[in-house]
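>>> Sequence and predicted structure below; questions after.
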Amino acid sequence: MNYFKDYWQESRSPLYSLIFTLPLIILYEALLFTMNHSDIAGMRNGADALIRQFFAMFGIYGFYLVGFVILLVLFLIYLFQHKNRKLSNLNKQFFLLMLMESMLYATLLNLVLNKVLVIPLMTINDLNNREIIAMSIGAGVYEELVFRIIFLQAIVIISRYLLRLNKVTSMVMGIIFSSVIFSGFHYIGPWGDSINIISFALRFIAGIILATIYILRGYGIAVYSHALYDLLLFF
């Protein structure tokens, strides 16, 4: 019982999440390196491109920029947690359990969104297999980073400390509004879908599910659940 209690608590920690996500970041960047010759103009996940364009506003460029930022955050979190002794030794078995748990959530997402509601989280748009794999991984890593870690957490902070709402209400607002933004994001840009109220509503539901996974189980499992769902859908 203590083993699974420890797993439930530690597996959702930032350090476990980011180490768990590291292989996907490396694979995504490696795939893009074989397909792109530009830091901004080449094929990328939309959320990844959004982050890079934000840095570009300040004259900061780099093919591995966003991946480097995530690794830097990982290192800083490790230093902070090690200094304050808030984390026990890493349990390698937890990463296997995290993968199995993510596969379960991806299967449930596929059942709810594809079998029941009939809506994918991304559009193929005549992509080849390598491009589909890259975009699926990018959707998991960078959309969860932008819409869950950044937008959801920002809304929660604003709700709690500026609007003085309680913790539960702030979290609900964070889930709802970040899911609205997440859904709307799929209609922006040259690869965006045509605006449709039904698909918008269903993607909003997808956002709520992924946001709930993020809150309860952490960034890493939300990333794998999202990426594995896309891969399961297309392969």
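Done, it's in. Residues are numbered from 1 along each chain as shown.
>>> For the one residue sitting closest to the centre of the chain, pull up the helix or strand it's in.
Residue closest to the average C-alpha location in the chain (C-alpha atoms, centre = their mean): residue 144, at 2.0 Å. Element membership of residue 144 [criterion: DSSP states H and E] is helix 144.
>>> okay, and the helix or strand of the protein with the least pLDDT?
In the chain, the helix or strand scored least confidently by mean pLDDT, DSSP states H and E is helix 46-56, which has a mean of 58.
>>> For this protein, give me the ranges with low pLDDT.
For the chain, residues meeting the criterion pLDDT under 70 lie at 36-68, 70-71, 73-75, 77-88, 115-126, 189-193.
>>> Quick one: the helices in it, in order.
Here the chain has its helices, by DSSP state H, at 2-10, 14-35, 46-56, 65-84, 92-109, 129-138, 144, 153-161, 167-185, 197-217, 219-234.
>>> Give me whichever of those is most buried.
With neighbours defined by mean count of other C-beta atoms under 10 Å, none of these is more surrounded on average than helix 144, at a mean of 29. No exception for glycine: its C-beta is placed from N, CA and C like everyone else's.
>>> packing partners for that helix?
helix 219-234 (3 or more C-beta pairs under 8 Å, 6 or more residues apart in numbering; DSSP states H and E).
>>> Could you figure out how far the helix it packs on is turned away from helix 92-109?
50 degrees (axes from the mean of the first three to the mean of the last three C-alpha atoms, to 10 degrees).
>>> between helix 219-234 and helix 197-217, how big is the angle?
Going by the same axes, to 10 degrees, helix 219-234 makes 140 degrees with helix 197-217.
>>> can you state the direction angle for helix 219-234 and helix 14-35?
Going by the same axes, to 10 degrees, helix 219-234 makes 40 degrees with helix 14-35.
>>> so what secondary structure elements neighbour helix 219-234?
helix 14-35, helix 92-109, helix 129-138, helix 144, helix 197-217.
>>> Which residues does the last one contact?
When you say that, I think you mean helix 197-217. 11-12, 101, 105, 109, 112-113, 117, 119, 121, 144, 147-149, 152, 171, 174-176, 178-180, 182-184, 186-187, 193, 221-222, 225-226 (C-beta atoms under 8 Å, 6 or more residues apart in numbering).
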